[in-house]
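Chemist: how does the following fold in three dimensions:
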Amino acid sequence: MGKKKYFVILLLLAIVHYTYAQVRMVEGELTTGACISPEQNTSPGAIIGAEIRLNLASGRISPGAQLSQSFFDRKVDGFNQRERYTTFQAVCDYNFSPTSKIMPFVGVGLGLSGIGGDYLIGNDFSPVFIPRIGCEFVKWVRLSADYRWEKYNYSHFTFRVGLVIGGWNKRK
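Modeler: This next block holds a predicted model:
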């Protein structure tokens with residue numbers, strides 16, 4: 001049994017070393033952008049957020065976590081209401097060309113959104129499923145779009161620009 005443990009540990013170290021040799025293991029992203037609801041009586045809003053990702057399989061697969069907050073103005077019964085969506089989700093992206101200067105990606109997110117507003121009584125919660133696409137340029141700037149599919153009329157599109165920190169190729 002002891003030899004199997006050492007073999008597994010050595011195998012894991014080899015995988016981590018190979019992955020780390022291509023691109024840095026961990027990267028973060030700070031994002032801001034616009035969000036648009038497909039529902040009537042809403043005005044375009046804003047989104048801010050932060051994300052942390054691991055770069056696995058030479059940077060092709062990037063699982064991580066995202067925390068974001070979206071803001072909307074919605075007209076309800078003749079009154080303007082500011083709605084806030086605070087979302088925490090697990091994300092995973094597939095990067096098509098992780099070592100090039102232009103890196104398109106597709107991904108999904110799954111999490112929970114807390115909804116609050118000026119005239120909402122208490123808070124509401126909704127599971128959220130998020131398909132997303134985008135492109136990273138010169139390892140620093142990331143443009144992305146997603147659809148945040150939530151219950152009732154809480155779903156919305158987001159278009160974001162992000163500053164990527166730490167995920168670029170290692171210097172040799």
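Chemist: average pLDDT across whichever strand or helix holds residue 113?
Modeler: Here residue 113, judged by DSSP states H and E, is contained in strand 102-117. In this model, strand 102-117 has an average pLDDT of 92.
Chemist: how about it: buried residues?
Modeler: 103, 105, 107, 109, 111, 113, 115, 117 (16 or more other C-beta atoms under 10 Å). The C-beta positions use only the backbone N, C-alpha and C, and glycine is treated the same way.
Chemist: which residues does the last one form beta bridges with?
Modeler: Residues found in beta-bridge contact with residue 117 (criterion: DSSP bridges) are residue 83.
Chemist: assess the claim that it and residue 81 are in contact.
Modeler: Yes: contact criterion C-beta atoms under 8 Å: residue 117 and residue 81 qualify, at 5.1 Å.
Chemist: now the common contact residues for the two.
Modeler: residue 74 (C-beta atoms under 8 Å, 6 or more residues apart in numbering).
Chemist: now the helices for the protein?
Modeler: Counting by DSSP state H, the chain has helices at residues 2-22.
Chemist: pLDDT weak spots in it?
Modeler: Low-confidence regions of the chain, defined by pLDDT under 70, span residues 1-23, 119-122, 167-172.
Chemist: for stretch 54-64, measure first residue to last.
Modeler: Stretch 54-64 has an end-to-end distance of 6 Å (C-alpha to C-alpha, to the nearest Å).
Chemist: contacting residues around the spatially most central residue of the chain?
Modeler: For the chain, residue 66 is the residue whose C-alpha lies nearest the centre (C-alpha atoms, centre = their mean; 5.0 Å). Contact analysis of residue 66 by C-beta under 8 Å, 6+ apart lists 49, 50, 51, 87, 88, 89, 91, 109, 111.
Chemist: beta partners of the residue nearest to it when sequence neighbours are not counted?
Modeler: With C-beta to C-beta, 6 or more residues apart in numbering as the criterion, residue 66 has its nearest non-adjacent residue at 4.2 Å, and that residue is residue 51. Using DSSP bridges, the bridge partners assigned to residue 51 are residue 29, residue 66.
Chemist: contacting residues around residue 51?
Modeler: Counted by C-beta under 8 Å, 6+ apart, residue 51 has contacts 28, 29, 31, 64, 65, 66, 67, 91, 162.
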